[in-house]
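Asker: any chance you could fold what I've pasted below:
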Amino acid sequence: MDARKNCQLAEEAENRVIAILLILAQFTTLRDAAHIAIVADSLGVRRDVAEAVAWMETRDGSRWRALGPGVIDSTWLNDGTLRVRRVCREVGRYQLRSCVNWVKLLGDSTCTYTRLRNEYAVGVHCGIANLARLYRRYGNWVDAIKRHNGDGPLADKYVEKALAYIGWRRLQ
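Answerer: Below is the predicted model of the structure:
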């Protein structure tokens with residue numbers, strides 16, 4: 001009876017630990033969503049669009065420091081060898097390209113490569129500011145989401161997935 005009771009107590013303790021871990025994981029996700037919502041509201045971007053693009057880029061807030069694969073530049077040299085180098089990488093929660101002068105493009109001095117790479121809040125702010133810029137330029141959220149990703153068939157698939165995340169068939 002004692003062994004059975006001990007097993008039951010151990011299982012209950014394990015279940016409590018799992019419940020606490022799930023609560024902490026939700027807190028991180030909720031904190032991330034709350035931060036995105038505040039910044040989106042302040043910059044005139046739909047919350048669901050900002051959340052969908054953040055999700056598409058890094059899937060969850062835990063990977064916000066992830067560096068994307070970036071753009072590869074290859075050049076044939078005179079000696080017949082191929083020189084391959086990485087020109088720029090995607091950085092931050094919204095995976096903004098490091099080779100773009102975001103300070104100049106967004107008119108925001110906080111959007112430097114170093115700050116995008118190292119400061120979560122700056123990455124969120126600059127990513128959402130870019131969505132606002134794209135919306136002003138293209139006049140609709142579908143094109144803004146697409147242009148955040150790029151152009152062509154892969155960007156079309158990106159938009160489809162983002163809209164599915166939001167739960168919309170058509171976004172105006």
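Asker: any regions of this structure where pLDDT drops low?
Answerer: 1, 17, 19-30, 59-75, 83-87, 168-172 (pLDDT under 70).
Asker: one more time with 90, if that's ok
Answerer: Across the chain, residues meeting the criterion (pLDDT under 90) sit at 1-36, 51-52, 54-105, 107-123, 149-155, 161-172.
Asker: where do the strands sit along it?
Answerer: 71-76, 82-88, 90-91, 96-97 (DSSP state E).
Asker: packing partners of the third one?
Answerer: So the one you mean is strand 90-91. strand 96-97, helix 113-118 (3 or more Cβ pairs under 8 Å, 6 or more residues apart in numbering; DSSP states H and E). Glycine gets a C-beta too; all of them are placed from N, C-alpha and C.
Asker: relative to residue 105, which of the ones you listed is closest?
Answerer: strand 96-97 (9.7 Å; Cβ to Cβ).
Asker: and the contacts of that closest one?
Answerer: 70-71, 88-91, 102, 111, 116, 123, 126-127, 130 (Cβ atoms under 8 Å, 6 or more residues apart in numbering).
Asker: next: stretch 38-47.
Answerer: Contacts for stretch 38-47 (Cβ under 8 Å, 6+ apart): 36-37, 49-51, 124-125, 128-129, 131-132, 135, 141.
Asker: and it, end to end?
Answerer: Distance between the two ends of stretch 38-47: 8 Å, counting by Cα to Cα, to the nearest Å.
Asker: how far off centre is that stretch?
Answerer: Centroid separation between stretch 38-47 and its chain, computed with Cα atoms, centre = their mean, to the nearest Å, is 15 Å.
Asker: okay, buried residues for it please.
Answerer: Of all the residues in stretch 38-47, those buried under the rule 16 or more other Cβ atoms under 10 Å are 39-40, 43, 45-47.
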